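[1] from the sequence below, what's the structure:
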Amino acid sequence: MSTRLIARDKFWILACSLVFFEVVISLTIPHSHALTAAGDLNQCVLLAVVLICVVVNVKNSDPRARLFWILVSLACALWLSAQILWTYYEVFLRREVPNPSAADVILFLHLVPLMGALAMRPHLDRDEHTAKLGVLDFALLVTWWLYLFLFLAVPWQYIWPDPDQYGRAFDFVYCLEHLVFLICAGAAWYGSSGAWKTIYGHLLGAGLLYALASIGANVAIDFGKYYTGSVYDAPLVVAMAWFAAVGLMARKLTQRADPPKGLARQRDLLIPGLAMFSLLSLPAMAAWAVYVSQAPAAVRGFRLMLTLVAMLVMGGLAWIKQYRLGKELAHSNRELREDSFTDLLTGARNRRFLANTIQVDVRHVMRAYSPAAAASQNKRNRDLIFYVIDADTFKEVNDGHGHDVGDKLLVEIARRISSAIRHSDALVRWGGDEFLVVSRYTDREQAVSLPTRILNSLGREPIELEGGVRIRCTCSIGWAVFPWFVLEPGAVSYEDILRLADQALYEAKKAGRNQAVGMVPLHQSPTEAIPSGAGKSKRFSEQLSARMITTPGPAREGVAAAAAKAASASQRS
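    Alright, predicted model coming up:
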């Protein structure tokens, strides 16, 4: 920690020394090549220090803060690039920088990443999807600012060269850019708190001083009074040192994002609104260029063509944004649907899922048993089987170990059941410690295989939970098939089959638990099944002429095997 503090102090001392050196040479050395070289090189070194002080914050762990400092670093890198190009002309080529100059576009664009950094608003906690869409909005704004510079200034540089017109156009767009940046910084400062409010406040102060200094220097250039190393550079290098101070200060602060509150949520619409405004402003700019502007025909033609190209580029970016918005909306809807159909504790489906999907499964079964389908050769895997599963002695686990252990046990029960069923089957938490498996595209002749797998998965090995708790858990299963009558599949509803499965579960519990009991029909049509005069006092399974199939659990299988082995030994003796 102490080493970092010393390094930070060294950078601050270096920045202050460079500012002091600039002020001294501007007041003591007359206009000469030596003054120009000293001033240019001094500003290059100072901007390099600014870049280093800002880049070190990119290591910030928060993704939004990291993106903020990446954009600020990009702005400083562009600023340094423009200064290096300026130094190349004045120091190494020993001639005045051309007016207009190719470096002007770099100097103009270096403020756009700063505006983009403020537009990211890292002091507000927003999700990753919103950040991705914000990048597209930033791309739209960058394109618009570049278009504005090319529209107003570049025609007087290349299409119809006129230094005076170029100087006035450049000053106008440069002043407008500084003004927008200051508005963004002021809005960010006003709507933030804590460490970010401090960072935004110093960015606002440094940006204001930089705007005044750079605009003053540009005006002096237009009047032929500016030269590198003059007093116009003194406030400029102070602004540079202030930007370095912002980077050094940020390393000491805890840059924590806060959830958006109140109007802050509404302000999130500001950047998308500005991006849309920039797109809609293009036709107005083209109309002005054609019908209002008094510029030469070559300039008007260039501006019209430029506007058409900008409309294509920005329209493409807007289409990409809309496409991604559509994908994000579809993704969010899928997630909401999954959440609404999922039990939060066990991860199994819930009753809502069954209510929303069961009719599709029932219609599929009805089609499979229709006369047209019955004539086909494939008569397998047409059934729908409901398995109601209840954990044995779950209440004792809750009472003996607490509800936390009971919840963890339920999660493990759901996991083991899920591992025993097929991917096409649906596991539903039916309520409490009761689960329902809806087995689709299956065959009633193979119905006993699934409860056998579930009984073995749950009862053969004890369940180990956190804290060294080992619980041997078994279950009871009741099941029934749909359709009940294969010749008239619509005669008994799936709700009645669920009642049969629940009744079968009751039989499994009554018979001693740790087993599965299934209800299957004795007849193929209702006319054969329900005897005449069947009263309401008869049980539902008796009214439908059902027979029961019992499948023992793993412990019962062991007892039965031992008894059979003993009987065989006694017979041999």
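[2] flag the shaky bits of the stretch 251-400 of the chain, pLDDT-wise.
    Applying pLDDT under 70 to the stretch 251-400 of the chain flags the ranges 254-272, 373-378.
[3] which stretches of it form helices?
    Taking DSSP state H, counting those that start in this stretch as the criterion, the stretch 251-400 of the chain contains helices spanning 263-267, 270-287, 297-340, 351-368, 371-374, 394-401.
[4] okay, now the domains of this structure?
    For the chain, automatic domain parsing gives the domain ranges 2-133+162-273, 356-572.
[5] ok now the first one, how far from the chain's centre?
    In terms of Cα atoms, centre = their mean, to the nearest Å, the centre of domain 2-133+162-273 is set 31 Å apart from its chain centre.
[6] contacting residues for Arg472?
    459, 462-463 (Cβ atoms under 8 Å, 6 or more residues apart in numbering). All C-beta atoms are positioned from the backbone trio N, CA, C, and that covers glycine.
[7] picking up where we left off before, which one of the domains of the chain lies closest to Ala295?
    domain 2-133+162-273 (8.6 Å; Cβ to Cβ).
[8] which residues in the protein form strands?
    383-391, 426-431, 434-442, 463-465, 469-471, 475-482, 515-521, 546-552 (DSSP state E).
[9] which one of these has the most crowded surroundings?
    Mean neighbour count (mean count of other Cβ atoms under 10 Å) peaks for strand 475-482 among these, with a mean of 28.
[10] ok now it, how far from the chain's centre?
    42 Å.
[11] out of the domains of the chain, nearest to Thr143?
    Taking the domains of the chain one by one with Cβ to Cβ, domain 2-133+162-273 is closest: 9.8 Å.
[12] who's in contact with Met366?
    483, 489-490.
[13] need the residues you listed in JSON lines (columns: pLDDT, distance to Val309 and neighbour count).
    Converted to JSON lines, the contacts of Met366 look like this (pLDDT from 0 to 100; distance: Cβ to Cβ, whole Å; neighbours: other Cβ atoms under 10 Å):
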{"residue": "Pro483", "pLDDT": "92", "distance to Val309": "66", "neighbour count": "24"}
{"residue": "Pro489", "pLDDT": "88", "distance to Val309": "65", "neighbour count": "19"}
{"residue": "Gly490", "pLDDT": "87", "distance to Val309": "65", "neighbour count": "11"}
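[14] turn the strands of the chain into CSV, columns for distance to Asn333.
    Shown next, in CSV, are the strands of the chain (distance: least, Cβ to Cβ, whole Å):
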stretch, distance to Asn333
strand 383-391, 28
strand 426-431, 21
strand 434-442, 24
strand 463-465, 36
strand 469-471, 39
strand 475-482, 31
strand 515-521, 39
strand 546-552, 41
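[15] show me where the stretch 1-150 of the chain has its helices.
    Under DSSP H, counting those that start in this stretch, the stretch 1-150 of the chain gives helices at 2-28, 33-55, 63-87, 103-109, 111-120, 128-152.
[16] please identify the deepest-packed of these.
    Comparing those by mean count of other Cβ under 10 Å gives helix 111-120 as most buried, with a mean of 23.
[17] so where's the stretch 401-550 of the chain shaky on pLDDT?
    528-543.
[18] that older thread, go through the domains of the chain and name the closest to Lys327.
    domain 2-133+162-273 (9.4 Å).
[19] contacting residues around the residue lying closest to Ser424 once chain neighbours are set aside?
    Closest residue to Ser424 apart from its sequence neighbours, by Cβ to Cβ, 6 or more residues apart in numbering: Arg440 at 5.1 Å. With contact taken as Cβ under 8 Å, 6+ apart, Arg440 is in contact with 361, 364, 384, 424-426.
[20] so Arg440 versus Val486, what's the distance?
    Distance, Arg440 to Val486, by Cβ to Cβ, to the nearest Å: 17 Å.
[21] ok, now Arg300?
    Taking Cβ to Cβ, one finds Arg300 at 82 Å from Val486.
[22] do the same with Gly247
    78 Å.
[23] Tyr147 too?
    Taking Cβ to Cβ, one finds Tyr147 at 72 Å from Val486.
[24] on that earlier part again, of the contacts of Arg440, closest to Val49?
    Ala426 (63.7 Å).
[25] what sits against the closest one?
    Applying Cβ under 8 Å, 6+ apart, we find Ala426 in contact with 349, 353-354, 357, 437-438, 440.
[26] repeat that with 6 Å
    349, 438 (Cβ atoms under 6 Å, 6 or more residues apart in numbering).
[27] now do Leu505
    388, 390, 478.
[28] so the first one is in contact with Gly478, correct?
    If I follow you right, that is Val388. Yes - counting by Cβ atoms under 6 Å, Val388 touches Gly478, with 4.8 Å between them.
[29] which neighbours do the two share?
    501, 505.
[30] separation between Gly313 and Val290?
    For the record, residue 313 is Val, not Gly. In terms of Cβ to Cβ, Val313 sits 20 Å off from Val290.
[31] scratch that, Leu18
    49 Å.
[32] list just the one of the helices of the stretch 251-400 of the chain that sits closest to Pro235.
    Of all these, helix 270-287 comes closest under Cβ to Cβ, at 29.6 Å.
[33] buried ones in stretch 450-462?
    Across stretch 450-462, burial judged by 16 or more other Cβ atoms under 10 Å covers 450-455, 457-459.
[34] return that stretch as CSV; C-alpha atoms alone will do.
    Output of stretch 450-462 as CSV, limited to C-alpha atoms (Å, rounded to 0.1, in the frame of the first residue of the first chain):
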residue,chain,number,x,y,z
LEU,A,450,-39.8,-46.0,-14.0
PRO,A,451,-41.0,-46.5,-10.3
THR,A,452,-38.4,-49.2,-9.9
ARG,A,453,-35.7,-46.8,-10.9
ILE,A,454,-37.0,-44.1,-8.6
LEU,A,455,-37.3,-46.5,-5.6
ASN,A,456,-33.8,-47.7,-6.2
SER,A,457,-32.4,-44.2,-6.7
LEU,A,458,-33.9,-42.9,-3.4
GLY,A,459,-33.8,-45.9,-1.1
ARG,A,460,-30.7,-47.9,-2.0
GLU,A,461,-28.1,-45.4,-0.6
PRO,A,462,-28.5,-42.9,2.3
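[35] Val313 and Val290: which has the busier surroundings?
    Legend: neighbour count by other Cβ atoms under 10 Å for Val313 and Val290, higher for Val313 (16 against 13).
[36] measure the spatially closest residue to that one that is not a sequence neighbour to Ala289 for me?
    Nearest residue to Val313, sequence neighbours excluded (Cβ to Cβ, 6+ apart): Thr143, at 5.8 Å. Separation of Thr143 from Ala289 (Cβ to Cβ): 18 Å.
[37] again with Val135
    The value you get for Val135 to Ala289, if Cβ to Cβ is used, is 30 Å.
[38] before we move on, what about Ala372?
    From Ala372 to Ala289 the distance is 70 Å (Cβ to Cβ).
[39] which one of the two has more residues nearby?
    Counted by other Cβ under 10 Å, Ala372 and Ala289 do not tie: Ala289 has more neighbours, with 21 against 7.
[40] hang on, that one packs against Arg303?
    Yes - the criterion here is Cβ under 6 Å, and Ala289 meets it with Arg303 at 3.9 Å.
[41] can you give me the helices in the stretch 451-573 of the chain?
    Under DSSP H, counting those that start in this stretch, the stretch 451-573 of the chain gives helices at 494-510, 526-529, 540-543, 554-572.
[42] how many neighbours does the closest residue in space to Leu465 that isn't next to it in sequence have?
    Among residues not flanking Leu465 along the chain, Lys408 sits closest, at 5.0 Å (Cβ to Cβ, 6+ apart). Number of residues near Lys408 (other Cβ under 10 Å) recorded here: 20.
[43] one more: the one 10 residues further on?
    Here the neighbour count serves as a burial measure; for Ser418 (other Cβ under 10 Å) it reads 18.
[44] how about Ala185?
    The burial count for Ala185: 23, using other Cβ under 10 Å.
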